[in-house]
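Engineer: Got a predicted structure plus its sequence, pasted below:
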Amino acid sequence: MKFSTSNAKCSSYSGKHVIYVGTHTGSFKKLEPFQENPYLQTNLQQIETLDKTSKVTCMSFGNKEQTEILLGRANHYVKVFNSDSEVAASSFEAGDGEVVGLGRSDGCIVTGIDKGIVKIVRYPETTEFSVGENLAKLRICCEDQNLMVTGGKNLKQIIKVWDLENQKVIFAAKNVRKDMLELEQPVWENDVLFLDRNTIASCSRHGYVRVYDLRGVQRRPVQAYSPPDDQLSFTCLAGNGGYLYAGTTTVGMRAFDIRKMKNHIHVYKGFTGTITSVDIDATGSYLFTSCLDRYVRIHHAHKTAMVYQCYVKSKPTQILGTDYKEKAVVETDDDDLIMIEENENDQVDSEYEDLFAKMQTVKENETTKKRKNDSEFQNPSKLKKSKKRKTNTE
């Protein structure tokens, strides 16, 4: 699909995905590109309740089924949305500052504030501890929810991995070697994530992407990418398998192979602004991105082609993508409605259906006439009596 400033969808895009978008104005929307109207935007929150401080700063799924969405705002409030009922299940105040990270750990909600305060929300008690100022991002490990990674601005906020049970650091990264003037390299971890339980990655406003191995003694990155011209700035990260996808401020998005990161392997085009968030589907085939040019886009991860874009009116700041779960409504004898999932393996025999479709419909008068003839055939005496009556009358 060629670059365009209008809504567009490629005919080859056959994925069934649901996209959730948080915007700079605080609105929270849902898009379903596979529907009859692929550009229809459903607001999941009343716009009248929003103000200038309602900017969506972070979003994440709260469970493996991806039916719970955790949404953090600049006004230090956190909302928990149920994607099935499309309503807010709960809401609470996380602290004083912007929410920069959210996740679930053993059923508890973990929130991170830009001032460096992390809260583990348990009812009726809440655990609170400090991870340092200028916190930029916080994420929970999907494979081990007891692990949390943080990153931010300045050397004190270089990547750290925390044990949430004890609130202690179990891994602290070490900065790369000093430059030729014996000065520390600048640190600004704009986004961090777990590739797996033993591998973490980060991207920076200063133009580098780094990968760390938690199993070794070495605390410096095992793989790293730095542009030769130092004019590149990365904003967000997503990972799947052995690949990293990083959004930039000026030149679109790039893909890296974590086994050799001296050069990127793919470049994704079509953007005219800073990419604010990136997500990838479960199969690793499609990339979902939000951009400050007010567009939401989907790219094929391997072919690098853009297959969908939609103008969302407000500047999108966060994006999440998930697979659509088909459901059907079945009505029982007791007038109770039951939601069941459709089985894709159930196939209809087309020849069997065509056989019934070609059958002629028997009319009521023909049926009555046939029954009458059958009755006369079975009782011939009745036929003789009726003939005699007719003769006598004449």
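Structural biologist: Everything's here; your move.
Engineer: Regarding S90, which helix or strand does it belong to?
Structural biologist: strand 87-93 (DSSP states H and E).
Engineer: Following the chain past that strand, name the next helix or strand.
Structural biologist: Once strand 87-93 ends, the next helix or strand along the chain (criterion: DSSP H and E) is strand 99-105.
Engineer: next one: that following strand to chain centre, how far?
Structural biologist: 16 Å (CA atoms, centre = their mean, to the nearest Å).
Engineer: what packs against that strand?
Structural biologist: strand 56-61, strand 68-73, strand 77-82, strand 108-113, strand 135-140, strand 147-152 (3 or more CB pairs under 8 Å, 6 or more residues apart in numbering; DSSP states H and E). Heads up, the C-betas are built off the backbone N, CA and C, glycines and all.
Engineer: 7 Å - rerun?
Structural biologist: Strand 99-105 sits against strand 56-61, strand 68-73, strand 108-113, strand 135-140, with contacts defined as 3 or more CB pairs under 7 Å, 6 or more residues apart in numbering; DSSP states H and E.
Engineer: Serialize these to JSON lines and add fields for mean neighbour count, distance to V80 and mean pLDDT.
Structural biologist: Listed next are the helices and strands packed on strand 99-105 as JSON lines, based on neighbours: other CB atoms under 10 Å; distance: least, CB to CB, whole Å; pLDDT from 0 to 100:
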{"stretch": "strand 56-61", "mean neighbour count": "22", "distance to V80": "11", "mean pLDDT": "95"}
{"stretch": "strand 68-73", "mean neighbour count": "24", "distance to V80": "6", "mean pLDDT": "94"}
{"stretch": "strand 108-113", "mean neighbour count": "23", "distance to V80": "7", "mean pLDDT": "95"}
{"stretch": "strand 135-140", "mean neighbour count": "23", "distance to V80": "15", "mean pLDDT": "95"}
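Engineer: what's the closest of those to G101?
Structural biologist: G101 lies closest to strand 135-140 among the helices and strands packed on strand 99-105, at 2.5 Å (CB to CB).
Engineer: could you check the angle strand 147-152 makes with the closest one?
Structural biologist: Strand 135-140 runs at 170 degrees relative to strand 147-152, counting by axes from the mean of the first three to the mean of the last three CA atoms, to 10 degrees.
Engineer: tell me what strand 135-140 is packed against?
Structural biologist: strand 99-105, strand 108-113, strand 147-152, strand 189-196.
Engineer: For this protein, give me the ranges with low pLDDT.
Structural biologist: Low-confidence segments of the chain (pLDDT under 70): 1-5, 48, 230, 327-394.
Engineer: Let me see the ranges of the helices in it.
Structural biologist: Listed in chain order, the helices of the chain (DSSP state H) span 350-357, 364-378, 380-393.
Engineer: re earlier: can you give the distance of the strand holding S90 from its chain's centre?
Structural biologist: Centroid separation for strand 87-93 versus its chain: 19 Å, with CA atoms, centre = their mean.
Engineer: quick revisit: among the helices and strands packed on strand 135-140, which is the most enclosed?
Structural biologist: Most buried of these, by mean neighbour count (mean count of other CB atoms under 10 Å): strand 147-152, with a mean of 26.
Engineer: ok, residues contacting that one?
Structural biologist: 110, 112, 131, 134-141, 157, 159-162, 164, 189, 192, 194, 200, 202 (CB atoms under 7 Å, 6 or more residues apart in numbering).
Engineer: Specify the angle between the strand holding S90 and strand 68-73 in degrees.
Structural biologist: 40 degrees.
Engineer: between strand 87-93 and strand 77-82, how many degrees?
Structural biologist: Calculated by the same axes, to 10 degrees, strand 87-93 forms an angle of 160 degrees with strand 77-82.
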